[in-house]
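K.L.:
Sequence and computational prediction follow.
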Amino acid sequence: MSTTNPPIVAGVNGSASAQQAVLWSAREAARRKAPFRLVHATVAIGGYTPVALPQTMYDAVASEGRESLRQAAESVQDLASGVGVSTDLRTGSPAQILVAESRAARVLVLGSRGLGGFTGLLVGSAAVALAAHGHCPVVVVRAEHSTKKRGRPVVVGIDGSPASEAAIGFAFEQASWLGVLLVALHTWSDTIPASAVPEAVEEEEQRVLAGWQEKYPEVSVQRVFTPGRPAHSLLVQTREAQLVVVGSRGRGGVKGMLLGSTTQALLHHSACPVAVIRSESGH
């Protein structure tokens, strides 16, 4: 697969959230004029059964996967007409297959839950695995997210961590493509007196943002400084945003944890799609 123009990849499983993810990713591919791939991973069921299953069972599972891909491709035929759509039916763990896909993708998009998700869980195992291990920016879309928030800003969380700096780059790029305002939200602990924070916060944010502002001079940036928990402040911002961008782990993350608490809170409760950027992933 050519890496000169990496594809936008969407995971397909027939769920309502995956359908929203397919729409989101089709618009992304059209904007970037990037190849667009739809991938469906069919779980290998043979290894979990005590007796051999009839071939008709495997055929039925594969047929269901092909139908999900067909419907997904048909639903975005007009949106992605300028770039074309390719489909790929794979067998194996959805999380492992999509992590592998992320190595060559520009952006990987998936719904928050699979068809087999447990009632009450807002984010499925594949979405969490991709957010933690993806090699490219990963966008997670929930079924209730609207893909029609055009003109609304992109929001990025800033905390000075390496992943946060990578998130800023992706957020600038998205705001530039979309032609919208970028809201840069920097929070600090509400246990620190406000009078002791602003100058240091301003200097840090200026340093981080300056290079990206020079690269994307057309992007207007609104800086928001607020004390309190980052997750709460970002969740409030997502109500009026079309995308929120965060690093996979914040500066205060617990060693060994691949996803920070703020990122996990956004995956579960954000009012708009969430882009998770690891410091190792490109943009």
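P.N.:
That came in fine, so what should we check first? Residues are numbered from 1 along each chain as shown.
K.L.:
who's in contact with S279?
P.N.:
Going by C-beta atoms under 8 Å, 6 or more residues apart in numbering, S279 touches 161-163, 165-166, 247-248. All C-beta spots, glycine's among them, are computed from the backbone N, C-alpha and C.
K.L.:
got it, and A231?
P.N.:
Here A231 is in contact with 261-262, 265-266 (C-beta under 8 Å, 6+ apart).
K.L.:
Now tabulate the contacts of S279 in TSV and tack on neighbour count, secondary structure and pLDDT.
P.N.:
Below are these laid out as TSV (neighbours: other C-beta atoms under 10 Å; DSSP: H, G, I helix; E, B strand; the rest coil; pLDDT from 0 to 100):
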residue	neighbour count	secondary structure	pLDDT
S161	19	coil	73
P162	14	helix	76
A163	24	helix	77
E165	19	helix	85
A166	21	helix	89
G247	30	strand	89
S248	29	coil	83
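K.L.:
Show me the two of the residues you listed that sit farthest apart.
P.N.:
Using C-beta to C-beta, those span at most 12.2 Å, a distance reached by E165 and S248.
K.L.:
A62 reaches L89, doesn't it?
P.N.:
Yes. Here A62 reaches L89: they are 6.7 Å apart, a contact under C-beta atoms under 8 Å.
K.L.:
which neighbours do those two share?
P.N.:
With C-beta under 8 Å, 6+ apart as the test, A62 and L89 both reach T42.
K.L.:
circling back: of the contacts of S279, closest to H232?
P.N.:
Nearest to H232 among the contacts of S279, with distances taken as C-beta to C-beta, is G247, at 17.3 Å.
K.L.:
picking up where we left off before, output the contacts of S279 as a markdown table; include the columns distance to V236.
P.N.:
Output for those, formatted as a markdown table (distance: C-beta to C-beta, whole Å):
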| residue | distance to V236 |
| --- | --- |
| S161 | 21 |
| P162 | 25 |
| A163 | 21 |
| E165 | 23 |
| A166 | 23 |
| G247 | 19 |
| S248 | 21 |
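K.L.:
List just the nearest of those to R223.
P.N.:
Nearest member of the contacts of S279 to R223, counting by C-beta to C-beta, is E165, at 15.7 Å.
K.L.:
Now do V155 against V183, distance only.
P.N.:
In this structure, V155 and V183 are 5 Å apart, going by C-beta to C-beta, to the nearest Å.
K.L.:
I misspoke; the intended subject was A41.
P.N.:
35 Å.
K.L.:
For this protein, give me the ranges with low pLDDT.
P.N.:
Per-residue confidence for the chain (pLDDT under 70) gives these ranges: 1-3, 43-55, 57-58, 114-124, 147-148, 188-202, 204, 249-259, 280-283.
K.L.:
buried set for the longest helix that it contains?
P.N.:
If you go by DSSP state H, the chain has its longest helix at helix 55-75. Buried residues in helix 55-75, defined by neighbour count with 16 or more other C-beta atoms under 10 Å: 61, 65, 68-69, 72-73.
K.L.:
next one: stretch 87-94
P.N.:
Neighbour-count burial for stretch 87-94 [16+ other C-beta under 10 Å]: 87, 89-91, 93-94.
K.L.:
And the contacts of it?
P.N.:
So stretch 87-94 is contacted by 11-13, 37-44, 62, 65-66, 69-70, 72-73, 97, 114, 126 (C-beta under 8 Å, 6+ apart).
K.L.:
do that again at 7 Å, thanks
P.N.:
Contacts to stretch 87-94, defined as C-beta atoms under 7 Å, 6 or more residues apart in numbering, come from residues 11, 37-42, 44, 62, 65-66, 69, 73, 97, 114, 126.
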